[in-house]
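> give me the fold of what follows.
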Amino acid sequence: MSPTFRALRNPNYRLYLAGSVVSNTGTWMMRVAQDWLVLKPLHGGGDAVGITTGLQFLPVLLLTPYAGVIADRFAKRDLLQVTQATMGIFSAIAAVAAITGHSSIWLVYLCAFGLGIGAAFDAPGRQSFVSEMVGREDLTNAVGLNSASFNVARLVGPALSGLLIAAWGSGQEATGWVFALNAVSYLAVIIQLRRMDARLLQTPMRRVLGPGALLEGVRYVRSQPKMLFVLAIVFFAGTFGLNFQITSALMATSVFHKGAGEFGVLGSALAVGSLTGALMAARRVKIRLRLLALAAAAFGAAEIVAGSLPAYALFALFCPVIGFCSLTLLNSANSTMQLEADPAMRGRVMALYMTVVQGGTPLGAPIIGWIGAEYGARWTLWLGGGMTIVGAILGIAVFARLRAGSLRGLVGVLTPSPARR
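Next up, the predicted model:
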């Protein structure tokens, strides 16, 4: 089997990946439809899109650390079935409201928040469940393939959503039918989880976790310099740079004056680069910390360049570069956190990671949306890129101080050792 796809030799992982492609496609379709519903049929602005995005990620900030404790306490396969069903229910509520013409800004906010609750409990269980399906030897490859499947869905979902919305009239009802397709897509994951062979799962022995389990996880992460290095970088990238839902929507509608179809194409263009980055990441056996720092700096620079492009065609053609850099950053960060974590702590470690990488969105998304409304869409990319570069510099400084406390530690992050040379 090709090294790029070696994790597929695990039958449970094959089932999981197949269900994820279907569900992720529905998720990306709904994201585009949700933003379009707010911007056009409901006549909201960039600030309304920012609030919607912020509410969808707010539960990640509030609940994901506790979800990590639950992921370490209960069987992850059962937990994921509950979280997928929860997200399907809120998608169905949004679909019925839009199809019947009774959707409103406040209802979109409510359903976005409900989806966020499901996602908050889903993320740490899903992330840490990967190692149970494939083991340590195939973990980096599986993380890369997960990202590849996510970005295949990201490639297909936005474009398909934009085309369906345009074909069905671009109104509330059109977005409602897209919401309905997303609600059905969650069944794919539930069915595949139920088909798995539990005997093949490498489940760590679960122990009774007391009231201090969350603090135990925090203390564990604080004792790991590599983890703190990763968290510093992804906080700035997640809070200010990874707001593609807002930046793409504002650039498409307010700068280039395009419709739903062209808006959807931007999401697919980002996914082309992300998919390429994911397949390259799947071939890596080991992650170097300097790759993380360079990927963050490159991602920030790419956003600054994108914000300066004068035409829609140039912007769309450049989007794969942004997608490639962002995926390289996130995949490297995810793999590093999982490989460095003690198996008994992995749920809490990944919960803290997801809290930082996604939990910053409720803070950053309204700010980015407000900046877009007040100063123009280009500033959303310029600010996001600049702050991501700041995060890369800060992450290097934190790691150097904790690991070596000297300039020698800083140089060691960015250059290979004599033995590796």
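
> how is residue 284 assigned, secondary-structure-wise?
Three-state assignment for residue 284 (DSSP: H, G, I helix; E, B strand; the rest coil): coil.

> and for residue 287?
Three-state call for residue 287 (three-state DSSP): coil.

> thought residue 60 was touching residue 121?
No - the criterion here is CB atoms under 8 Å, and residue 60 misses it with residue 121 at 9.8 Å. In this view, the C-beta of every residue, glycine as well, is placed from N, C-alpha and C.

> just give the nearest non-adjacent residue to the most centrally placed residue in the chain, would you?
Residue closest to the mean C-alpha point of the chain, counted by CA atoms, centre = their mean, is residue 358 at 7.0 Å. Excluding its sequence neighbours, the residue lying closest to residue 358 (CB to CB, 6 or more residues apart in numbering) is residue 60, at 4.4 Å.

> which SSE is immediately downstream of the helix or strand that neighbour falls within?
Element membership of residue 60, judged by DSSP states H and E, is helix 46-73. The first helix or strand that comes after helix 46-73 along the chain, using DSSP H and E, is helix 76-99.

> now do the contacts for residue 265.
Shown in contact with residue 265 (CB atoms under 8 Å, 6 or more residues apart in numbering): 158-159, 162, 316.

> test my guess that residue 112 contacts residue 37.
No - between residue 112 and residue 37 there is no contact under CB under 8 Å: 10.8 Å.

> higher neighbour count, the two?
residue 37 (28 against 24; other CB atoms under 10 Å).

> okay, the angle between whichever helix or strand the more buried one is part of and helix 46-73?
Here residue 37, judged by DSSP H and E, is contained in helix 11-39. Calculated by axes from the mean of the first three to the mean of the last three CA atoms, to 10 degrees, helix 11-39 forms an angle of 160 degrees with helix 46-73.

> I'd like to know which elements helix 11-39 is packed against.
If you count contacts as 3 or more CB pairs under 8 Å, 6 or more residues apart in numbering; DSSP states H and E, helix 11-39 packs onto helix 46-73, helix 76-99, helix 105-134, helix 139-167, helix 172-195, helix 244-250, helix 260-282.

> and the longest one, what's buried?
Judged by neighbour count using 16 or more other CB atoms under 10 Å, the buried positions of helix 105-134 are 108-134.

> please compute how far it lies from its chain's middle.
Offset of helix 105-134 from its chain centre (CA atoms, centre = their mean, to the nearest Å): 11 Å.

> then the second one?
Mean-position distance between helix 76-99 and its chain equals 18 Å (CA atoms, centre = their mean).

> do the same with the shortest one
When C-alpha coordinates are averaged (CA atoms, centre = their mean), helix 244-250 and its chain have centres 15 Å apart.

> number the chain from 54, please
Got it, the first residue is 54 from now on, which makes the last one we talked about helix 297-303.

> what's in contact with that helix?
Contacts for helix 297-303 (CB under 8 Å, 6+ apart): 84, 88, 92, 99, 102-103, 106, 316, 319-320, 323, 418, 421-422, 425, 430, 433-434, 437.

> now the helices for the stretch 304-453 of the chain?
Secondary structure of the stretch 304-453 of the chain by DSSP state H, counting those that start in this stretch: the helices cover 313-335, 342-359, 365-393, 399-412, 414-428, 430-456.

> just put the ones you listed in JSON lines and tack on distance to residue 152 and mean pLDDT.
Formatted as JSON lines, those follow (distance: least, CB to CB, whole Å; pLDDT from 0 to 100):
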{"stretch": "helix 313-335", "distance to residue 152": "17", "mean pLDDT": "80"}
{"stretch": "helix 342-359", "distance to residue 152": "35", "mean pLDDT": "89"}
{"stretch": "helix 365-393", "distance to residue 152": "31", "mean pLDDT": "88"}
{"stretch": "helix 399-412", "distance to residue 152": "29", "mean pLDDT": "82"}
{"stretch": "helix 414-428", "distance to residue 152": "27", "mean pLDDT": "81"}
{"stretch": "helix 430-456", "distance to residue 152": "31", "mean pLDDT": "84"}
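
> tell me which of these sits nearest to residue 283.
Nearest to residue 283, of all the helices of the stretch 304-453 of the chain, is helix 365-393, at 4.8 Å by CB to CB.

> and the closest one, what other elements does it pack with?
Helices and strands touching helix 365-393, by 3+ CB pairs under 8 Å, 6+ apart, are helix 158-187, helix 192-220, helix 278-289, helix 313-335, helix 342-359, helix 399-412.

> so which of those is the most packed in?
Across those, averaging neighbours per residue (mean count of other CB atoms under 10 Å) puts helix 399-412 on top, at a mean of 27.

> with just CA atoms, put that helix into PDB.
Output in PDB follows, covering the C-alpha atoms of helix 399-412 (Å, rounded to 0.1, in the frame of the first residue of the first chain):
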ATOM      1  CA  ARG A 399      -5.300  12.400  25.000                       C
ATOM      2  CA  GLY A 400      -8.900  13.400  25.200                       C
ATOM      3  CA  ARG A 401      -8.200  16.300  27.500                       C
ATOM      4  CA  VAL A 402      -5.100  17.400  25.500                       C
ATOM      5  CA  MET A 403      -7.100  17.500  22.300                       C
ATOM      6  CA  ALA A 404      -9.900  19.300  24.000                       C
ATOM      7  CA  LEU A 405      -7.500  22.000  25.100                       C
ATOM      8  CA  TYR A 406      -6.100  22.100  21.600                       C
ATOM      9  CA  MET A 407      -9.500  22.400  20.000                       C
ATOM     10  CA  THR A 408     -10.500  25.100  22.600                       C
ATOM     11  CA  VAL A 409      -7.500  27.200  21.600                       C
ATOM     12  CA  VAL A 410      -7.700  26.600  17.800                       C
ATOM     13  CA  GLN A 411     -11.500  27.100  17.500                       C
ATOM     14  CA  GLY A 412     -12.400  28.700  20.800                       C
END
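
> which residues of the chain score low on pLDDT?
Residue ranges of the chain with pLDDT under 70: 54-55, 258-264, 313, 338, 412, 455-474.

> sorry, back to before: residues touching the residue nearest to residue 411, list them.
Taking CB under 8 Å, 6+ apart, we find residue 113 in contact with 169, 172-173, 176, 407-408, 411-412, 414-415.

> now residue 117: how far from residue 295?
From residue 117 across to residue 295, the span is 16 Å (CB to CB, to the nearest Å).

> cool, residue 178 as well?
Distance, residue 178 to residue 295, using CB to CB: 22 Å.

> and residue 108, how many neighbours?
Residue 108 has 22 neighbours, counted by other CB under 10 Å.

> got a list of what the nearest residue to residue 253 once chain neighbours are set aside touches?
The shortest distance from residue 253 to any non-neighbouring residue, by CB to CB, 6+ apart, is to residue 65 (5.4 Å). Neighbour list for residue 65: 186, 249-250, 253-254 [criterion: CB under 8 Å, 6+ apart].
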